[in-house]
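Enquirer: Just to be clear, the model below is a prediction. Sequence and coordinates:
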Protein chains: 2
Amino acid sequence: MPQPVIKFTRGVPPPESFPTQEISDCAISLLANDPDIVLQYGTSGGYPPLRHYLAGQAGVADNRIAIGEGSLQLADIAARIMLDPGSIVYIESPSYDRSINIFRRAGATLVGLPLEEDGIDIAALAARLAGGERPVLFYIIPDFQNPSGTVLSMEKRQALANLAEQYGFWIVEDSPYRRLRYHGHENPSLYELAPQRVLRMSSFSKLISPGLRVGYMLLPESVAPAFLKFAEDTYISSSYFTQGIVYEYIRRGLLEPNIARLKTLYQARLDCMLEALGHEMGDLATWHKPEGGFFVGMTLQGDFDTPELLARAAHAGLLLSDGRGFFPEQTRQCFIRLPFCALTPEEIQSGITRLAEVVRSMLDK
Amino acid sequence: MPQPVIKFTRGVPPPESFPTQEISDCAISLLANDPDIVLQYGTSGGYPPLRHYLAGQAGVADNRIAIGEGSLQLADIAARIMLDPGSIVYIESPSYDRSINIFRRAGATLVGLPLEEDGIDIAALAARLAGGERPVLFYIIPDFQNPSGTVLSMEKRQALANLAEQYGFWIVEDSPYRRLRYHGHENPSLYELAPQRVLRMSSFSKLISPGLRVGYMLLPESVAPAFLKFAEDTYISSSYFTQGIVYEYIRRGLLEPNIARLKTLYQARLDCMLEALGHEMGDLATWHKPEGGFFVGMTLQGDFDTPELLARAAHAGLLLSDGRGFFPEQTRQCFIRLPFCALTPEEIQSGITRLAEVVRSMLDK
């Protein structure tokens, strides 16, 4: 009998992370208390109490917050209003494949900045800017990056913030994993360092549930009116009902205990992943050791044909994402993204053992 | 003391139309029975049971249905994948202002076809096509049109279906009000007459609640794969949670009784509107007598300056939409959209009395 397939593919939270009963309680209470508002059309800014909460957290006026059905949708709107064909967009290399697609679809010319252990290569960035290149924006995931797991260091954050101010480009700070830190200490967000230059996006998909589809973007004053109008012209409003559930969840004081619970759940899985990698893959690959988030990003040592690797892994009951999709340009690296949150420690151990066997089988040929 | 303001502006359902308790019951049951699916990310096609139900209603395979957060969002995707700058889009004149904007934003050249009592001027359409013009699509609201309230006649439906097949253009059939017929008999949908040429869109916003944000599109086989991929690349999935509530609502047999309840509620408001118009505006304007939907569309007789009309109405405690926004081209008509579903009979009577006074005051000057 074949072993069950292990999926190292999408970075989604596991069902055991969902606070189902609390969501149900919040839904009932919301419908009892605010039905006329949450069952009606709303504005593209979002359910006012949640918007006000998010604005308060950032210390800005409510009208600088847009709440949508996930932050990808909001990145799409930012791309549509801020970019023209040929606009230059800087992006980490590798980066989130769906974001690469969003910017490419808007006609942008993507320029990948190589990732190092502590985030992007700042010297390369400074050199491009000094050479006269003028990006409209830099899309960056500074905390527990997708797909690499890296964190942008404090020094590089400050340098990036300074360059954005000096050269007048926008930073799109994508921050869905920031609260999921299992070890070490938090750096300031890019928004905190360069509030005038940053569009900050995040969501409740990783902190409560993706199915509610509630993400948000903190917009610069100069961008917010056009952004909110464009969003309204696209979908009128996202669901006040699900946004109201998120607000009620926060209002009841459930968010912080839930994040603590998730950290306990995921930390054990990250630790197991790193231990298994150390055991099985130490001589085959390099990887960063993330302190949080959803992913370990691994690069195989030597020349590997990615399609062959994926095929052999699938044959061994192991599903992998095509690592080439995370790069804004062609790459010769054989990169593997390993999501660990939605797998049990047993599945992680077994999956890494299989992966090591597959890689060794390709070295032997 | 000034009288309360009466809003003849947005065509939204009234709070008393929301089946709040049933929605709450459906949410509880859904979270008890299917939490792992509805709280997770999904596909851009939508929550499988609802998708299967909608496909079954149309007699097509499930993979031809896309469920999104309202049908406007889906029209935006259709526009983005089907239109290039300069593509010709036919549209009723007047039509839904948000749709005009969606197609214009995609770079389309909009061509307005004049509306008559029984729908578009088919002779004008046939003449344009015979003259060699080649539209990519015709966006049309055949049932209780927004903003005019007209219904496309059976004869014109058949003629439009035949022309679409003969000349190979798509029909985007926007059908949110179809089920809300208060008098008379239903015609077949354009999809039933030309299933190969129609993208049909509708939603549950007017039948259950807008706040759930559940709309859908029935796609031609040749369009569906690219559409679903584009939607996934834009927002991954819309909320399975709210889609699951809609499905549970239908599964419990609540939809048809709710539609019957809404018809009773809205029919009285339509009848009151028509009676008030007959009394107050008979010598001032012309209008179609709708048999369903949300709107009466009225054209003032004579030359009126729309901005002055809006200003005088506002001064009299009456908010009106700017009728010029419903036309794809400049118009000299002074057109007023009168939504009647969200106003009580008393408000309707009082609003029309005020409107007649405002119009008369402009004739007297």
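Expert: Structure received. Residues are numbered from 1 along each chain as shown, chains lettered A, B, ... in the order given.
Enquirer: Let me see the ranges of the strands in the stretch 101-250 of chain A.
Expert: Along the stretch 101-250 of chain A, counting by DSSP state E, counting those that start in this stretch, strands occupy A:109-116, A:119-120, A:137-140, A:170-174, A:198-203, A:215-218.
Enquirer: who wins for proximity to chain B among those strands?
Expert: Judged by Cβ to the nearest Cβ, the one of these that comes nearest to chain B is strand A:215-218, at 9.3 Å. C-beta: built from backbone N, CA, C; applies to glycine.
Enquirer: so how far is that closest one from its chain's centroid?
Expert: Offset of strand A:215-218 from its chain centre (Cα atoms, centre = their mean, to the nearest Å): 13 Å.
Enquirer: do the same with stretch A:345-358
Expert: 25 Å.
Enquirer: List the contacts of it.
Expert: A:3, A:6, A:8, A:268-269, A:272-273, A:276-277, A:279-281, A:284, A:309, A:312-313, A:316-318, A:320, A:336, A:338, A:340, A:343 (Cβ atoms under 8 Å, 6 or more residues apart in numbering or on different chains).
Enquirer: any idea how far A:Pro13 is from A:Gly211?
Expert: 10 Å (Cβ to Cβ, to the nearest Å).
Enquirer: which of these two has more neighbours?
Expert: A:Gly211 (28 against 24; other Cβ atoms under 10 Å in any protein chain shown).
Enquirer: Check the gap between that one and B:Pro35 for me.
Expert: Distance from A:Gly211 to B:Pro35, by Cβ to Cβ: 9 Å.
Enquirer: How about the closest residue to chain B within the stretch 251-365 of chain A, nearest residue that isn't a chain neighbour?
Expert: Nearest residue of the stretch 251-365 of chain A to chain B (Cβ to the nearest Cβ) works out as A:Ala342 at 9.8 Å. Closest residue to A:Ala342 in three dimensions, ignoring its sequence neighbours and counting by Cβ to Cβ, 6 or more residues apart in numbering or on different chains: A:Pro14, at 4.1 Å.
Enquirer: count of residues packed around the one you found?
Expert: 16.
Enquirer: what sits against the most centrally placed residue in chain A?
Expert: The centroid of chain A falls nearest to A:Pro176 when counting by Cα atoms, centre = their mean (4.9 Å). Counting by Cβ under 8 Å, 6+ apart, A:Pro176 touches A:Ser71, A:Met201, A:Ser202, A:Ser203, A:Ser205, A:Lys206, A:Gly215.
Enquirer: what's the spacing between it and chain B?
Expert: From A:Pro176 over to chain B the distance is 12 Å, taken as Cβ to the nearest Cβ, to the nearest Å.
Enquirer: separation between that residue and A:Arg200?
Expert: From A:Pro176 over to A:Arg200 (counting by Cβ to Cβ), the distance is 11 Å.
Enquirer: Kindly report the domain assignment for chain A.
Expert: What automatic domain parsing lists as the domains of chain A is A:6-17+A:256-364, A:20-251.
Enquirer: re earlier: could you list which residues are in contact with the residue nearest to A:Ala342?
Expert: Contacts of A:Pro14 (Cβ under 8 Å, 6+ apart): A:Leu265, A:Cys341, A:Ala342, A:Leu343.
Enquirer: The first one sits in which helix or strand?
Expert: Element membership of A:Leu265, judged by DSSP states H and E, is helix A:255-281.
Enquirer: mind listing the helices for chain A?
Expert: A:20-33, A:35-38, A:48-58, A:71-82, A:97-105, A:122-130, A:154-167, A:190-193, A:224-235, A:240-251, A:255-281, A:306-315, A:345-364 (DSSP state H).
Enquirer: In JSON lines, list the ones you listed along with mean pLDDT and mean neighbour count.
Expert: Below are the helices of chain A laid out as JSON lines (pLDDT from 0 to 100; neighbours: other Cβ atoms under 10 Å in any protein chain shown):
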{"stretch": "helix A:20-33", "mean pLDDT": "98", "mean neighbour count": "19"}
{"stretch": "helix A:35-38", "mean pLDDT": "98", "mean neighbour count": "19"}
{"stretch": "helix A:48-58", "mean pLDDT": "98", "mean neighbour count": "17"}
{"stretch": "helix A:71-82", "mean pLDDT": "98", "mean neighbour count": "23"}
{"stretch": "helix A:97-105", "mean pLDDT": "97", "mean neighbour count": "21"}
{"stretch": "helix A:122-130", "mean pLDDT": "98", "mean neighbour count": "15"}
{"stretch": "helix A:154-167", "mean pLDDT": "98", "mean neighbour count": "18"}
{"stretch": "helix A:190-193", "mean pLDDT": "98", "mean neighbour count": "20"}
{"stretch": "helix A:224-235", "mean pLDDT": "98", "mean neighbour count": "19"}
{"stretch": "helix A:240-251", "mean pLDDT": "98", "mean neighbour count": "26"}
{"stretch": "helix A:255-281", "mean pLDDT": "98", "mean neighbour count": "17"}
{"stretch": "helix A:306-315", "mean pLDDT": "96", "mean neighbour count": "16"}
{"stretch": "helix A:345-364", "mean pLDDT": "95", "mean neighbour count": "18"}
